[in-house]
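Q: Quick one, fold the following:
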Amino acid sequence: MTRVPFSALGGVALALLLFWLLALLVAPPEAEIEVLDAPMSMNLVEAPEAVPEPSVAEAAPPQAAPPPPPLPEPAPPQASPVSLPEPELPPRELEPVEFDEPLPELVEARPELPPVPEPSPEPAPEPSPSPSEAPADTAEASEPAGAPASGEVSEAPVEVGALAPTSRVPPDYPSRAQRRGIEGHVELRFLIRADGSVDTDSIQVISARPRNVFDRAARQAVARWRFAPAEGLRRAQQRLEFQLR
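A: Numbers count the residues shown, from 1 in each chain. You can find the predicted model right below:
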């Protein structure tokens, strides 16, 4: 029983030995490398001196750039042979503007001249009195012909024209006329009492331009004017100007 294992081990060892020998026979022989000892020599050489680079100041100035070529002139515009018709716009209808208050009509007013008194007709000559009527006519002739009756006082106003007042109140400018920039004048005629006050019932508008715009303001202002006192009534006439400043 012990011979079998030993024989197997011997066979294996023999096979390995044969393989190793076969590998040695097949491999090529290695070439031997000869090492040569050659002498070496070294020579010292001086390096050349470095040439200094030119500085920026010594550099050549740059050449000026050549001027650009002139631009060609644009060709004149040529009229197009095609003419376009002008568009026709439809007429635009304007809406009428309505004012909140109608403007007064402007009427050229001319100053009214005072009427020229007509000459009174001359009285017809009276017939000569008869002898029977002579005493009665002589009694009536004893009284002055032009003397007024007893108790009567002459109240005819005296024309004084544009009398300067001692106290003049300026009229108020109507707000509606001031907003619309309307200017004008009013001419009034009125009576002045003996104490210098104005008779408000006698104020009359002779002329106004435009009409019914400054009349009320002018009448209210003149009613507060005062004049120097004098005997009897006086008729004055004044013109008030209304101008924006």
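
Q: Distance check, Ile192 against Arg216.
A: For Ile192, the distance to Arg216 equals 21 Å [C-beta to C-beta, to the nearest Å]. C-beta here means a position set from N, CA and C on the backbone, and glycine is covered the same way.

Q: scratch that, Pro72 is what I was asking about
A: Using C-beta to C-beta, we find Pro72 at a distance of 80 Å from Arg216.

Q: picking up where we left off before, the more surrounded of Ile192 and Arg216?
A: Shown here are Ile192 and Arg216; by other C-beta atoms under 10 Å, Ile192 has more neighbours (26 against 14).

Q: Next, the nearest residue to Gln237 once chain neighbours are set aside: secondary structure please.
A: Nearest non-adjacent residue to Gln237, counting by C-beta to C-beta, 6 or more residues apart in numbering: Arg189, 4.9 Å away. What DSSP: H, G, I helix; E, B strand; the rest coil gives for Arg189 is strand.

Q: what sits opposite Arg189 in the beta ladder?
A: Gln204, Gln237 (DSSP bridges).

Q: Report the separation between it and Val198.
A: 11 Å.

Q: which one of the two has more residues nearby?
A: Higher neighbour count among Arg189 and Val198: Val198, with 20 against 16, using other C-beta under 10 Å.

Q: ok, Leu25 - how many residues close by?
A: 7.

Q: Please identify the helix or strand for Val186.
A: Using DSSP states H and E, Val186 sits within strand 184-192.

Q: Any chance you could list what contacts that strand?
A: 111, 157, 160, 163, 177, 198-199, 202-210, 213-215, 218-219, 222, 227, 230, 233-242 (C-beta atoms under 8 Å, 6 or more residues apart in numbering).

Q: from those residues, which ones fall inside strands?
A: 160, 198-199, 202-209, 234-242 (DSSP state E).

Q: Buried only: go through those for me.
A: 198, 203, 205-209, 234-238, 240, 242 (16 or more other C-beta atoms under 10 Å).

Q: Glu159 pairs with what?
A: Bridge pairing for Glu159 - DSSP bridges - gives Arg235.

Q: these two touch, right, it and Arg235?
A: Yes: contact criterion C-beta atoms under 8 Å: Glu159 and Arg235 qualify, at 5.3 Å.

Q: thinking again about what came up before, could you identify the most distant pair in the buried ones among the ones in strands among the contacts of strand 184-192?
A: Arg209 and Arg234 (26.3 Å; C-beta to C-beta).
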